[in-house]
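K.L.:
Below is the sequence, then the predicted model.
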Amino acid sequence: MSAAPSVSVLLPVRNGLPALARAVTSVRVQSWGDWELIAVDDGSTDGTSEWLRAAARADARIKLVAQPARGLVTALHAGCAAAQGRFIARMDADDECHPERLAAQVELFERNPEIGVASCLVGFGGDRQANAGYALYVDWLNSLVTPEQIALNRFIESPLAHPSVLFRRELLERHGGYRDGDFPEDYELWLRWLEAGVRMAKVPRELLIWHDTPGRLSRSDPRYDPEAFFRVKAAYLAQHVVRLGRREVWIWGAGRPTRKRAAHLEAHGLKIVGYVDIDARKTGKAVAGVPVVSPEELPEPGAVFLLGYVAKRGAREDTRSRLARRGWHEGRDFLMGA
C-alpha cells in the first residue's frame with residue numbers, strides 16, 4: 001500500500017470547465033511532487049465531471065469526489081474527509097498556481113513549526129481599471145505577510161485569499177472546520193482559528209494568480225455581501241475585545257453607515273459609549289444619547305478602548321497616524337474594524 005501524500009490539494013468545482021484544465025495543470029506541474037488533488041464536483045452540468053474522470057484516469061494522483069449540487073461548504077467537507085495529506089491546500093477551478101507554490105509553503109511550515117496556516121502573495125488576474133475595488137483589496141491583502149500583521153488586521157477584511165492557503169490538517173480536529181451559514185465560510189474560519197491562537201503567515205512571493213471572473217461566488221452569493229462580513233466579524237471582534245478585559249468601546253466614525261455596522265457589536269455584549277469624528281458638523285452632538293467628539297477630545301490611551309470603523313480610502317491610515325501620535329498602541333488601545 002502506498003504512503004499517503006504529504007499535501008492534499010482541495011479543489012471544489014461546479015461548472016468550471018472553461019478554466020479547469022489551466023487550474024489542474026498548474027497543480028500537476030508543481031515542483032513539490034508529493035501531492036494528491038481532491039476534486040469535488042458539486043453537481044456540474046457542463047462536462048466538468050467527465051473531464052475530471054478522464055484526468056483521474058491519466059494521473060492517479062487526481063481523485064474525483066462527485067456529489068449532487070449541495071453548495072461550497074458541503075463540497076469542502078467532502079474534500080477534507082477524503083484528503084489524506086498532513087497539509088491541505090485550497091485551490092479554485094478558475095485560479096492558477098505558480099510551479100513553486102506548494103514547495104514554498106511546505107518550506108515555510110518546516111522553517112516555522114509554530115505556523116498553522118501558510119498563504120502567499122497573490123496576483124490579481126483581472127482588469128485593474130474596471131474592477132479597481134477588488135484590485136485594491138488584493139494590494140491590501142499582499143501587504144499582510146507576518147503573523148502579527150495578519151492578526152492585527154483581521155477585523156478589517158479577510159486577510160487571506162482562500163485559494164492561496166495551505167493549512168495543517170490537525171487544525172480541523174482541534175478547532176473545527178468550515179461552517180455553513182449566512183456568512184463567508186473562509187473568513188469565519190480564519191477569524192475562529194486566529195481567536196484560538198493559530199498563527200498564520202505568508203510566503204512573500206506571488207505564487208497564485210487569483211482570477212477575477214464574473215461567476216466568482218464573491219460577486220453573486222449573498223454570503224459574501226459586505227454586510228455579511230460585518231455581521232460575522234462583529235461576533236469575533238466582540239469576543240476579542242471582551243478577552244482584552246473591555247466591554248465599553250468608542251467608535252471612530254459617526255456617519256450613518258458606520259453606526260449601522262458598529263451596532264452589530266451591541267448584539268454581542270459590547271456597549272458603545274462614544275463616537276469620534278473629524279467632521280466638525282458632527283462633533284459636540286449626541287447620537288441616541290451617545291456623545292460625538294473630535295479626535296482632540298478623546299481620553300488618554302488606556303482610559304477607553306477604541307474601534308476604527310472608517311473605510312474611506314486613506315481614512316484608516318489617517319486614523320492610525322492620529323492615534324499613534326497621541327501614544328495609542330494598536331492591539332492594546334485600539335483596533336481597526338472596517
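P.N.:
That came through, no problem. Numbering: from 1, shown residues only.
K.L.:
now the helices: where do they sit in the stretch 51-200 of the chain?
P.N.:
72-82, 101-111, 132-142, 147-152, 170-175, 185-195 (DSSP state H, counting those that start in this stretch).
K.L.:
just checking, what packs against the fourth one?
P.N.:
Spelled out, that is helix 147-152. When contacts are defined as 3 or more Cβ pairs under 8 Å, 6 or more residues apart in numbering; DSSP states H and E, helix 147-152 sits against strand 199-211. Where C-beta positions appear, they are placed from N, C-alpha and C, glycine not excepted.
K.L.:
how distant is stretch 39-46 from the center of its chain?
P.N.:
24 Å (Cα atoms, centre = their mean, to the nearest Å).
K.L.:
Next: stretch 150-165.
P.N.:
Counting by Cα atoms, centre = their mean, stretch 150-165 comes out at 4 Å from the chain centroid.
K.L.:
Any stretches of the stretch 101-250 of the chain with poor pLDDT?
P.N.:
Confidence mapping of the stretch 101-250 of the chain against pLDDT under 70 gives the ranges 214-223.
K.L.:
if we can go back for a sec, quickly compare the helices of the stretch 51-200 of the chain and say which is most buried.
P.N.:
Across the helices of the stretch 51-200 of the chain, the average number of neighbours (mean count of other Cβ atoms under 10 Å) peaks for helix 185-195, which reaches a mean of 21.
K.L.:
quick one, strands of the stretch 1-150 of the chain?
P.N.:
7-13, 35-42, 62-67, 87-90, 96-97, 115-125 (DSSP state E, counting those that start in this stretch).
K.L.:
Could you save these as JSON lines and add columns showing distance to Leu208 and mean neighbour count?
P.N.:
As requested, those are exported to JSON lines (distance: least, Cβ to Cβ, whole Å; neighbours: other Cβ atoms under 10 Å):
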{"stretch": "strand 7-13", "distance to Leu208": "12", "mean neighbour count": "25"}
{"stretch": "strand 35-42", "distance to Leu208": "15", "mean neighbour count": "24"}
{"stretch": "strand 62-67", "distance to Leu208": "19", "mean neighbour count": "18"}
{"stretch": "strand 87-90", "distance to Leu208": "10", "mean neighbour count": "24"}
{"stretch": "strand 96-97", "distance to Leu208": "6", "mean neighbour count": "22"}
{"stretch": "strand 115-125", "distance to Leu208": "5", "mean neighbour count": "21"}
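K.L.:
Give the bridge partners for the closest residue to Phe87 other than its chain neighbours, please.
P.N.:
Nearest residue to Phe87 in three dimensions, chain neighbours excluded: Val7, at 4.9 Å (Cβ to Cβ, 6 or more residues apart in numbering). Beta-bridge partners of Val7, counted by DSSP bridges, are Trp35, Phe87.
K.L.:
So Val7 sits against Ala103, correct?
P.N.:
No - with contacts counted by Cβ atoms under 8 Å, Val7 stays clear of Ala103, the gap being 9.7 Å.
K.L.:
circling back to that earlier point, wait, what's in contact with the residue nearest to Phe87?
P.N.:
Val7 makes contact with 32, 34-36, 85-89, 102, 106, 166, according to Cβ atoms under 8 Å, 6 or more residues apart in numbering.
K.L.:
Among those residues, which one sits closest to Arg205?
P.N.:
Distance to Arg205, by Cβ to Cβ, is smallest for Leu102 among the contacts of Val7, at 12.7 Å.
K.L.:
Check the spacing between the closest one and Gly33 real quick.
P.N.:
9 Å (Cβ to Cβ, to the nearest Å).
K.L.:
Would you mind writing the CA trace of the helix ranked longest in the chain as PDB?
P.N.:
Criterion DSSP state H: the longest helix present in the chain is helix 226-243. Only the C-alpha atoms of helix 226-243 are listed here, as PDB (Å, rounded to 0.1, in the frame of the first residue of the first chain):
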ATOM      1  CA  PRO A 226     -20.300  43.400   2.600                       C
ATOM      2  CA  GLU A 227     -22.900  43.300   5.400                       C
ATOM      3  CA  ALA A 228     -22.300  39.600   5.800                       C
ATOM      4  CA  PHE A 229     -18.700  40.300   6.500                       C
ATOM      5  CA  PHE A 230     -19.600  42.900   9.200                       C
ATOM      6  CA  ARG A 231     -22.000  40.500  10.800                       C
ATOM      7  CA  VAL A 232     -19.600  37.700  11.200                       C
ATOM      8  CA  LYS A 233     -16.600  39.800  12.200                       C
ATOM      9  CA  ALA A 234     -18.700  41.500  14.900                       C
ATOM     10  CA  ALA A 235     -19.100  38.300  16.800                       C
ATOM     11  CA  TYR A 236     -15.300  37.600  16.900                       C
ATOM     12  CA  LEU A 237     -14.400  41.200  17.400                       C
ATOM     13  CA  ALA A 238     -16.600  41.500  20.400                       C
ATOM     14  CA  GLN A 239     -15.200  38.200  21.700                       C
ATOM     15  CA  HIS A 240     -11.700  39.500  21.300                       C
ATOM     16  CA  VAL A 241     -12.400  42.900  23.000                       C
ATOM     17  CA  VAL A 242     -14.000  41.100  26.000                       C
ATOM     18  CA  ARG A 243     -10.900  38.900  26.200                       C
END
